[in-house]
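> Have a look; sequence and predicted model below, questions after that.
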Amino acid sequence: MAEPTALFILGHAGTGKSFLTDHFIQRQRDKASAWCVLDKDVVSECWSGAMLRALGADPNDRDSPLFKEKVRDLEYLTTLRIAKDQLDIGLNVAFPGPWSRELASSALFSASALGLPPATRLRHVWLELSLAERKDRIARRADPRDQWKLNNWHAYTEALKRPIPVQDGRVPVLDASLPLEKQLDALDALLR
């Protein structure tokens, strides 16, 4: 059996991580290649809002210090724990999401640091898109968890940085404004 792959589709909000992942999985299914998608927002949506409410906070909060201190890491750890089981049985896993702390600490480059099976092939890509297009996409998806970003757009975007592993080339950049087929071809090339 070939080593399973963990593909991290990274980028800031509104760059199209989930959209690209959905189409990537369709293409893989057409090739009879088995993949599991683990989006940490989906994995944790049933409990993270309830936990925030129990802490006396807005259940849609994804930006406050309270969320980042008490909930954020649990969402990612839960996602990684489920991924471990999938990778253990040889299933490939796609992870759309920011993974910002794990990227900044370089844990995203170590299967053992992530708690994944040692034989896991790790692959990464960073999606980039103009701020105007990202804001438009975020507004159109109308997710209550994005409201703070939209209400505080200037402050939100001022805090965004291109992570060091992206700047130094450890994570390749994919222009998310390219036609979908070109983006999918780039992912295929990354997996070879």
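Alright, I've got the coordinates. Numbering: from 1, shown residues only.
> surely Ala57 meets Pro65?
No: using CB atoms under 8 Å, Ala57 is not in contact with Pro65; the gap is 10.3 Å. The way it works is simple: take the backbone N, C-alpha and C, and place the C-beta from them, glycine included.
> Among the two, which residue is more densely surrounded?
Neighbours of Ala57 and Pro65, each counted by other CB atoms under 10 Å, are more numerous for Ala57; the result is 16 against 8.
> separation between that one and Val71?
9 Å (CB to CB, to the nearest Å).
> Ala113 now?
In terms of CB to CB, Ala113 sits 21 Å off from Val71.
> returning to that earlier point: which neighbours do Ala57 and Pro65 share?
Common neighbours of Ala57 and Pro65, counting by CB atoms under 8 Å, 6 or more residues apart in numbering, are absent.
> And the top helix by length along the chain, what does it pack against?
Counting by DSSP state H, the longest helix found in the chain is helix 72-88. The contact analysis (3 or more CB pairs under 8 Å, 6 or more residues apart in numbering; DSSP states H and E) places helix 72-88 against helix 40-54, strand 92-96, helix 100-104.
> run the last query once more with 10 Å
Applying 3 or more CB pairs under 10 Å, 6 or more residues apart in numbering; DSSP states H and E, we find helix 72-88 packed against strand 5-11, strand 35-37, helix 40-54, strand 92-96, helix 100-104, helix 111-114.
> Partner strands of the first one, with direction?
As defined by DSSP bridges, the strand partners of strand 5-11 come to strand 92-96 (parallel), strand 121-128 (parallel).
> Okay, buried residues for the longest one please.
Which is strand 121-128. Arg123, His124, Val125, Trp126, Leu127 (16 or more other CB atoms under 10 Å).
> Kindly report the same for stretch 61-74.
Here stretch 61-74 shows Asp61, Arg62, Asp63, Phe67, Lys70, Val71, Arg72 as buried, counting by 16+ other CB under 10 Å.
> List just the nearest of those residues to Thr157.
Among those, Asp63 lies closest to Thr157 (CB to CB), at 12.5 Å.
> Please tell me how far the most centrally placed residue in the chain sits from Lys182.
Against the mean C-alpha coordinate of the chain, by CA atoms, centre = their mean, the closest residue is Gly97 at 1.2 Å. Noted for Gly97: a distance of 22 Å to Lys182, by CB to CB.
> hang on, the earlier thing: tilt between the longest helix of the chain and helix 40-54?
In terms of direction (axes from the mean of the first three to the mean of the last three CA atoms, to 10 degrees), helix 72-88 departs from helix 40-54 by 150 degrees.
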